[in-house]
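S.K.: Sharing a model that was predicted from the sequence below.
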Amino acid sequence: MLAGKWRKAVWEAVQRRATDGVITRAQLIEFELDRIIHEVDSKGSTPHQTLSRELQELRDVGVLLFDGDGSYRIASGLIAKDVEEAVATEVWRLQKARRGQSRFREEVMSYWNGVCPLTGIGEPDLLRASHIVPWNRCETEAERLDPDNGLLLSALWDAAFDRGLVSFDDAGAPMPAPQISNATMEHLGNGEEVRIDGLSDRHRQNLTWHRSNRWQRRDVPENEDGVLL
């Protein structure tokens, strides 16, 4: 019961404080934590950590998206919904998105002729249809299923790209993050200079977003309490 009260109170606080759908943990602590504690009628010994846990759980169910630097954004279309309705809406979206993933993969496979353009690997089980703009950051269903928002990458390249450890320039050349060693890049490219040929203008537009929002960023930073955000 208390956990449910915390979730409801934190979500309502997010709704109150979010500007253009964006809120930071620091703002919630400064302006809303005392009110949340009063509403749930339980302070506990570590309210800051409880707040962090609730934010993480709201992120886990997809109603909050982490934007980096301690900032969260309310998922599209969920502003003004109560927490249970927001969670139910996002669960439905996730189920729908998973059904669409199969079609997205088929179209990305077709675009790249079933071969990773960086490695030449054509074994389907070793290939990933990688979203450039992640599906939960796309504003519309069409963007989520757009093959021009996808790259066909081998598993290692996909992992590096998804974590923002590597991006690509408009010519398709890899752009390693500073923490990636030259030796690692050489192994990824099998000792050769590689690039992605065949990028469309839409691919390049989406890669601009990736370079601005994913590249060189830690994907899951910790707050001062050591809790994953």
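M.R.: That came through fine.
S.K.: any weak-confidence spans in the protein?
M.R.: Scanning the chain for pLDDT under 70 picks out the ranges 1-3, 43-44, 68-69, 97-98, 100, 217-229.
S.K.: Can you list the residue ranges for strands in it?
M.R.: 22-24, 64-68, 71-74, 127-131, 150-154, 166-168, 174-176 (DSSP state E).
S.K.: looking at the ones you listed, which is buried most?
M.R.: Compared across those, strand 150-154 shows the largest average neighbour count, a mean of 25 (mean count of other Cβ atoms under 10 Å). (C-beta placed from N, C-alpha, C; glycine too.)
S.K.: Residue 159: neighbouring residues, count only.
M.R.: Number of residues near residue 159 (other Cβ atoms under 10 Å) recorded here: 14.
S.K.: ok, residue 129 touching residue 105?
M.R.: Yes. Contact criterion Cβ atoms under 8 Å: residue 129 and residue 105 qualify, at 4.0 Å.
S.K.: sorry, back to before: distance to residue 208 added to the strands of the chain, as TSV?
M.R.: Converted to TSV, the strands of the chain look like this (distance: least, Cβ to Cβ, whole Å):
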stretch	distance to residue 208
strand 22-24	21
strand 64-68	17
strand 71-74	19
strand 127-131	15
strand 150-154	14
strand 166-168	10
strand 174-176	12
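S.K.: State the distance from the residue nearest the centre of the chain to residue 143.
M.R.: Residue closest to the average C-alpha location in the chain (Cα atoms, centre = their mean): residue 134, at 5.6 Å. Computed as Cβ to Cβ, to the nearest Å, the residue 134 to residue 143 distance reads 11 Å.
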